[in-house]
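> Pasting the sequence and the predicted coordinates here, then a few questions.
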Amino acid sequence: MGTTPLEAHIRHLIGAGGPLTFAQFMECALYHPELGYYRSGREVFGRGGDFFTAEQLQPVFGELLHSFVDELARSSGISPFEVVEIGAGRADLSQALQPWGYRAVDLTQRHLEGPQFPGAIRGLVLAHEFFDALPVRLLKRSGGSWSELTVSVDAGHRFCFLPAGASPTLLEYASQYGDAIPEDGLLEVNEGIPHWCGRIADALSSGFLLVVDYGYEARDLLRFPAGSLLSYHRHRATAHVLDHPGEQDITAHVNFTHLTGVLRGLGFELVGKQTLSAWALSVWPEESFSLRWRQASTRWRLQWKQLVYGMGESFHVLLFRRSAPSREAARK
C-alpha cells in the first residue's frame, strides 16, 4: 500500500494542534466521514475484504440467532419484542431477525454526536463486534509509572508514538487493571465503553443486551503484555497499527471485566457468558441439531465448522438483562 489520502489530513491535524491521542488517530483511521476505513465505501467484510465476522456465516449464524432470540422473546414475557443491532455493518442479520422488527443503527459516524437510538426499546440490543472497534487510548508502563502514548510524526514523515503525561482518569484505569502489565508493557483504555453503555441503558427500557466479541477478563491481562491492538488487511494481521490509516482495520480486545462492571452500574445483570462455540452448541437440542445436520448442504456444514472450531474459542457471547429502570426513566 502507498500513501493513503487520510495520511495528509492526520499530519495536518498533528501540525496544527500537536500529537493526537491514539484514540483520536484511530477515530480518524476508522470513522473519518469520507476517508475512514468504515466510511469510504470499500468492501471490508468477507473473502474480498480484510476479515470475516460471524455475521458473514449465513445462513448458520442467522439461524442460530433466530432460534436464540425466539426462545428469549418467549421466555421474557416482553411483547412486542424487538431487536436493534448497533454497529451492524452490512446488516447481514436483517432477514433472520425480521420477525422481531429488526433495525440496524449505524454508529460509524462517531466523529459526530452520533445517531440517536430508537427510544424505549423493549426486547434486545445486539452488539456484535461493536466494542472491539471503539477507539482506545494507549498506556505504557516504564520505570514503575505510566505514560500515555500519543501519535506524532518523525523526521521521516512517518507516524510514530510519543510518550506524554497520563491523565488522572487513565491512571485510575491503570491502577485497576494494570498490575499484570510488565515493564515496557502496553495497556489499552477503551473510554467509549462507559459512553456507549450509557446510551444503550438510556434506550433499553426493558429486555437484554447481547454482546458477541473477542476479549479477556482482567485476570487474563498477563497474556497481553504488549497490548492487544492489531490491524487487519487482506486477512492478515499486523501489529503496525499506525501504517496506512484508512486502508486497514484497527481493533483491540474488549476488557469484559470493565464492560461488565460498567453495565452493572447502569442496572444490568450478567445472565450468562460463554465462548461462541459453547453458545452455538447450546442453542439447539441434540435431536434438532442432528436433523439440521442431516439435511444441511456442504456449505452449511462448512460454515458450522468455521463458527464452532474456527471462531468458537476466540469469541465470547455475553447476555445482560436490564434489572433496573434506565437512567432516562430514573430522571423522570
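Now that the structure is in, tell me what you want to look at.

> Tell me where the model's unsure across the stretch 51-200 of the chain.
For the stretch 51-200 of the chain, applying pLDDT under 70 flags the ranges 51-56, 88-89, 107-117.

> Now stretch 18-27: buried residues?
Counting neighbours by 16 or more other CB atoms under 10 Å, one finds that the buried residues in stretch 18-27 are 19, 20, 21, 22, 23, 24, 25, 26, 27. Bear in mind the C-beta positions are built from the backbone N, C-alpha and C, glycine included.

> likewise stretch 143-162?
For stretch 143-162, by 16+ other CB under 10 Å, it's 146, 147, 148, 149, 150, 151, 152, 153, 159, 161, 162.

> what do you get for stretch 125-133?
By neighbour count on 16+ other CB under 10 Å, the buried set for stretch 125-133 is 125, 126, 127, 128, 129, 130, 131, 132, 133.

> Just send those residues back as a markdown table, with secondary structure too.
Below are the buried residues of stretch 125-133 laid out as a markdown table (DSSP: H, G, I helix; E, B strand; the rest coil):
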| residue | secondary structure |
| --- | --- |
| 125 | strand |
| 126 | strand |
| 127 | strand |
| 128 | strand |
| 129 | coil |
| 130 | coil |
| 131 | helix |
| 132 | helix |
| 133 | helix |
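
> of the residues you listed, closest to residue 216?
residue 132 (11.3 Å; CB to CB).

> all strands for the stretch 151-300 of the chain, in order.
Shown for the stretch 151-300 of the chain, the strands assigned by DSSP state E, counting those that start in this stretch span residues 159-165, 186-189, 204-213, 215-216, 230-233, 236-238, 249-251, 254-255, 268-275.

> And the contacts of the last one?
Defining contact as CB atoms under 8 Å, 6 or more residues apart in numbering, one finds that strand 268-275 is touched by 201, 208-209, 256, 260, 263-264, 282, 312-313, 315-324.

> Name the SS class of residue 318, please.
Three-state call for residue 318 (three-state DSSP): strand.

> Which residues does the closest residue to it other than its chain neighbours form beta bridges with?
Nearest non-adjacent residue to residue 318, counting by CB to CB, 6 or more residues apart in numbering: residue 211, 4.3 Å away. Assessed by DSSP bridges, residue 211 has beta-bridge partners residue 127, residue 318.
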